[in-house]
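> got a sequence here, can you model it:
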Amino acid sequence: MKMNFLTAVVAVILLLPACKKSSPGNGGGSGGGASVTVPVLSVTTAITAITNTSAITGGTITADGGAAVTARGVCWNTVSNPTIANSKTTDGSGTGSFTSNLTGLNAGATYYVKAYATNSAGTAYGPELSFSTSNADIYVTGYKFNGTARVAKFWRNGVATSLTGGTTDAEGISIFVAGPDVYIAGYEIIGGIEVAKIWKNGIATSLTSGVFSSRVNSVFVSGPDVYVTGYSGIFNGREAKVWKNGIAIALAATSTVETGHGISVSGSDVYVAGYGTVPGIYAKTWKNGVATPLTNGATDAEARAIHVAGSDVYVAGYEYAGAIHVGKVWKNGIATLLTSAGNYGYAWGVFVSGTDVYVCGAERNSPKFIAMTWKNSLPVYLTDGVNNSHAYSIYVSGNHVFACGFESNGSKNVAKVWQNGVPIVLTNGTNDAIALSIFVK
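Coordinates of the predicted model:
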């Protein structure tokens, strides 16, 4: 009997652990399970597409910690160690990689960011990264249709100012900022004739009399001197000209139709890019009024912009090849093809920063034109090609690449700036508008 009693006691003791209740933290249920922990984030994605007020980042969640991830995104602050109590995005749920768009940032500020993920156990954070937004002012000119006429416009950091009254067509075509002064070149129709104009801080000066249609297409300020180029109408054509401080200087011509499109000044040398007819349209440059052809006139071509860097002269434009126009950049007269074989293409602006050559324009990816930039001939597409778009001017400031132009919304052209490929909308799409020139300071 004693032996049987002892055996029974031992058996009860051995059975006791199996009857113990599972703790709530072990997954519940009588069967037990692994403890729930916060998720695991392996990375906060490197920050890209930084503008004055936005940036793109994200994160990767490699494990959910044993419970579903119900919220994920990126949090940020202007001091180190941000949490979800600060500004944050919400970018879905679950594990894996995600992308976060940071908006509403302040220009010229430094931000600290972390990816985060939340489950029932709490919130986990990825490694901290930091970046600074651009503090540059973005100056743009172009036009917006008001229902009656094109109104010459100027935008500073997206805020629009009208240069003309809107009763007749006008355009701001080129912009240059020197110190506190903003210079814009373009035209306004007066008495049915296009009159070449330059605006300084919004105050217009006419450069031509209005007898024949004339325009100025580019402005460049060097020290106290203001240079513009374009054309002045003559009885039987157009005369390419440079105006220095309002005084016109005719450029050497080989035909009755000559136009200056771009201007750059280096020291005492004045460079102009444009075209003439022989009788075909050919791209050409002028240095101190002396013309040099870039093409032979056998097929149509135009030089649209020029940038002088040291002893090198860069020109952007296009030339007819076979049945299509192709975008090109010339360095000291030697051409490089930019656009794809078989596609229409145009190079419209050029900017040189250090050893890098940036060009903007458009290429037709049938049936639409796509706004583009090229860095050292490598293409960057600014739009998805659903609607027509075009980039007309480019400017590089530090590691920021700016371009301006338009993208159609299906019925109207919307004026836009792209900063590092990220669009900044200037107009609401109710009426046509185009941004034609950009300067960043």
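
> go through stretch 47-61 and flag the buried ones.
Within stretch 47-61, the residues that count as buried by 16 or more other Cβ atoms under 10 Å are 47, 50-61. C-beta here means a position set from N, CA and C on the backbone, and glycine is covered the same way.

> make TSV out of the residues you listed and add secondary structure.
Output for the buried residues of stretch 47-61, formatted as TSV (DSSP: H, G, I helix; E, B strand; the rest coil):
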residue	secondary structure
47	coil
50	coil
51	coil
52	coil
53	coil
54	coil
55	strand
56	strand
57	strand
58	strand
59	strand
60	strand
61	strand
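
> just those now: which is nearest residue 270?
Lowest distance from residue 270 to the buried residues of stretch 47-61 (Cβ to Cβ) belongs to residue 52, with 33.4 Å.

> so the closest one touches residue 132, yeah?
No: using Cβ atoms under 8 Å, residue 52 is not in contact with residue 132, being 10.6 Å away.

> hang on, the earlier thing: farthest-apart pair in the buried residues of stretch 47-61, please.
Once Cβ to Cβ is applied, the buried residues of stretch 47-61 give 52 and 61 as the farthest pair, at 30.2 Å.

> picking that back up, nearest to residue 206, out of the buried residues of stretch 47-61: which one, please.
For the buried residues of stretch 47-61, with residue 206 as the reference and Cβ to Cβ as the criterion, the closest is residue 52, at 34.9 Å.

> quick check: closest non-adjacent residue to the closest one.
residue 107 (4.1 Å; Cβ to Cβ, 6 or more residues apart in numbering).

> show me the shaky parts of this protein.
1-33 (pLDDT under 70).

> the domain parsing of it - what is it?
Following automatic domain parsing, one gets these domains for the chain: 40-132, 138-440.

> how far away is residue 387 from residue 176?
Counting by Cβ to Cβ, to the nearest Å, the gap from residue 387 to residue 176 is 30 Å.

> the more surrounded of the two?
residue 176 (23 against 17; other Cβ atoms under 10 Å).

> name the element that one belongs to?
strand 170-178 (DSSP states H and E).

> residue 114 is in what secondary structure piece?
strand 110-119.

> C-alpha coordinates for that strand, PDB please?
Only the C-alpha atoms of strand 110-119 are listed here, as PDB (Å, rounded to 0.1, in the frame of the first residue of the first chain):
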ATOM      1  CA  THR A 110      18.100  69.300 -42.100                       C
ATOM      2  CA  TYR A 111      15.800  66.400 -41.400                       C
ATOM      3  CA  TYR A 112      16.400  63.100 -39.600                       C
ATOM      4  CA  VAL A 113      14.300  60.100 -40.700                       C
ATOM      5  CA  LYS A 114      13.600  56.500 -39.600                       C
ATOM      6  CA  ALA A 115      11.500  53.800 -41.100                       C
ATOM      7  CA  TYR A 116       9.000  52.400 -38.600                       C
ATOM      8  CA  ALA A 117       6.700  49.300 -38.300                       C
ATOM      9  CA  THR A 118       4.000  48.700 -35.700                       C
ATOM     10  CA  ASN A 119       2.400  45.400 -34.500                       C
END
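
> who are the packing partners of that strand?
strand 40-44, strand 55-63, strand 71-77, strand 96-102, strand 122-125, strand 129-132 (3 or more Cβ pairs under 8 Å, 6 or more residues apart in numbering; DSSP states H and E).

> repeat that with 10 Å
strand 40-44, strand 55-63, strand 71-77, strand 87-88, strand 96-102, strand 122-125, strand 129-132 (3 or more Cβ pairs under 10 Å, 6 or more residues apart in numbering; DSSP states H and E).

> tell me the strands beside that strand, with direction?
strand 71-77 (antiparallel), strand 122-125 (antiparallel), strand 129-132 (antiparallel) (DSSP bridges).

> ok, back up a step: give me the neighbour count for the residue nearest to residue 52.
Using other Cβ under 10 Å: residue 107 sits among 15 other residues.

> same question for residue 64.
There are 20 residues near residue 64, going by other Cβ under 10 Å.

> for it, give me its contacts.
Counting by Cβ atoms under 10 Å, 6 or more residues apart in numbering, residue 64 touches 36, 37, 38, 39, 40, 70, 93, 94, 95, 117, 119, 121.

> state the distance from it to residue 113.
Counting by Cβ to Cβ - residue 64 and residue 113 are separated by 22 Å.

> swap in residue 365?
35 Å.

> check residue 251 too.
Taking Cβ to Cβ, one finds residue 251 at 53 Å from residue 113.

> which one of these two is surrounded by more residues?
It is residue 113, of residue 251 and residue 113, that has more neighbours when counted by other Cβ under 10 Å, with 29 against 23.

> ok, the residue lying closest to the more buried one once chain neighbours are set aside - contacts?
Nearest residue to residue 113, sequence neighbours excluded (Cβ to Cβ, 6+ apart): residue 76, at 4.4 Å. Counting by Cβ under 10 Å, 6+ apart, residue 76 makes contact with 47, 55, 57, 82, 86-89, 100, 102, 105, 111-114, 128-131.

> residue 395 now?
Per Cβ under 10 Å, 6+ apart, neighbours of residue 395: 136, 138-140, 175, 349, 351, 353, 358, 360, 401-404, 417, 437-441.

> just checking: what are the partner strands of the strand or helix carrying it?
According to DSSP H and E, residue 395 maps onto strand 389-397. Strand pairing for strand 389-397, using DSSP bridges, gives strand 400-408 (antiparallel).

> show me what secondary structure element comes after the partner strand.
strand 413-419.

> what about the strands in the stretch 201-350 of the chain?
203-206, 215-222, 225-234, 237-244, 247-250, 258-266, 269-277, 281-287, 290-293, 301-309, 312-321, 324-331, 334-337, 345-353 (DSSP state E, counting those that start in this stretch).

> want to throw those strands into a markdown table with distance to residue 154?
Compiled in a markdown table, the strands of the stretch 201-350 of the chain are given as follows (distance: least, Cβ to Cβ, whole Å):
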| stretch | distance to residue 154 |
| --- | --- |
| strand 203-206 | 12 |
| strand 215-222 | 13 |
| strand 225-234 | 16 |
| strand 237-244 | 20 |
| strand 247-250 | 24 |
| strand 258-266 | 19 |
| strand 269-277 | 24 |
| strand 281-287 | 28 |
| strand 290-293 | 32 |
| strand 301-309 | 20 |
| strand 312-321 | 23 |
| strand 324-331 | 28 |
| strand 334-337 | 33 |
| strand 345-353 | 18 |
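
> to residue 196, which of those strands lies closest?
Of all the strands of the stretch 201-350 of the chain, strand 215-222 comes closest under Cβ to Cβ, at 4.5 Å.

> quick check: neighbours of that closest one in the sheet, parallel or antiparallel?
Short version: by DSSP bridges, strand 215-222 pairs with strand 225-234 (antiparallel).

> between the strand it pairs with and strand 170-178, how many degrees?
160 degrees (axes from the mean of the first three to the mean of the last three Cα atoms, to 10 degrees).
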